[in-house]
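> Turn this into a structure:
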Amino acid sequence: MSDGWRDSIELAWDAVVTTARRTASEGLVVGTSGNVSVRVGETVLVTPSGVPYDRLRPEDAVGVDLDGNRVIGELAPTSELPLHLAVYRNTGAAAVVHTHAVHATAVSTLVTEVPSVHYAAALLGGPVRVAAYARYGTGELAANMLTALRDRTGCLLANHGTVTFGATPDEAYDRTAQLEWLCRVWLAAGSVPGRTPALLTPDQLAEVQEALKGYGQPG
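Numbers count the residues shown, from 1 in each chain. Next up is the predicted model:
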């Protein structure tokens, strides 16, 4: 193992732990629910199964190859490993965040697609789909998720939670936060008696997606 690769693994594990703790501190998970991963080459660093995030140490790093074989550490990886690996095998993702965010999970029980009440949907590639229910940790769930993620960077898992991915852990996390906020807005608007939330059209969302290409600081 070269020093450079070892340094990359240490940095990736630190990002996994930091992001996982952030999901807990900001109320997107309860206990040891949810999970986070970061890809380094052909290795995926992922949160272990059943270990509280505030107890994770550098020596607790868990890494697997893209076939799910453990190559780093002694702890068992999250039971949702098939979900994470499916994202890496089928997208250019470098980080994946899975949560049980309250509002997003509630919405996943009500609709098959999150209503576009705000242009934040464009940040996830368009209207956010809900993957059909399957038991956690199964290949069926991973397959359903991939269907919902087509041309998107995030989706809901029916009666379960959220999945988002990105080029960095921060980007994946930010997409999770945006998705939870979007679901919260729709639930709030839809709770007003006698009123139906106005939704954005596909053309309006497409206009936002085009505008977002120039968003932020140059370079």
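> C-alpha from now on. contacts and neighbour counts both.
Will do.
> any idea which residue sits dead centre in this structure?
Thr164 (2.6 Å; C-alpha atoms, centre = their mean).
> Please report how far Val62 lies from Pro48.
6 Å (C-alpha to C-alpha, to the nearest Å).
> what helix or strand is Arg135 on?
Counting by DSSP states H and E, no helix or strand carries Arg135.
> Skipping adjacent residues, who's closest to it in space?
In space, and not counting its chain neighbours, Arg135 is closest to Leu141: 6.5 Å by C-alpha to C-alpha, 6 or more residues apart in numbering.
> other SSEs contacting whichever strand or helix holds that neighbour?
Per DSSP H and E, Leu141 falls inside helix 139-149. Judged by 3 or more C-alpha pairs under 8 Å, 6 or more residues apart in numbering; DSSP states H and E, helix 139-149 is in contact with helix 81-90, strand 130-131, strand 154-157.
> Go again with 6 Å.
Contact partners of helix 139-149 among helices and strands, from 3 or more C-alpha pairs under 6 Å, 6 or more residues apart in numbering; DSSP states H and E: strand 130-131.
> What are the contacting residues of the strand it packs on?
112-113, 144-145, 148, 155-158 (C-alpha atoms under 6 Å, 6 or more residues apart in numbering).
> of those residues, closest to Leu83?
Met145 (7.7 Å; C-alpha to C-alpha).
> ok, now how distant is that closest one from Val87?
9 Å.
> any low-confidence regions in this protein?
Applying pLDDT under 70 to the chain flags residues 1, 216-219.
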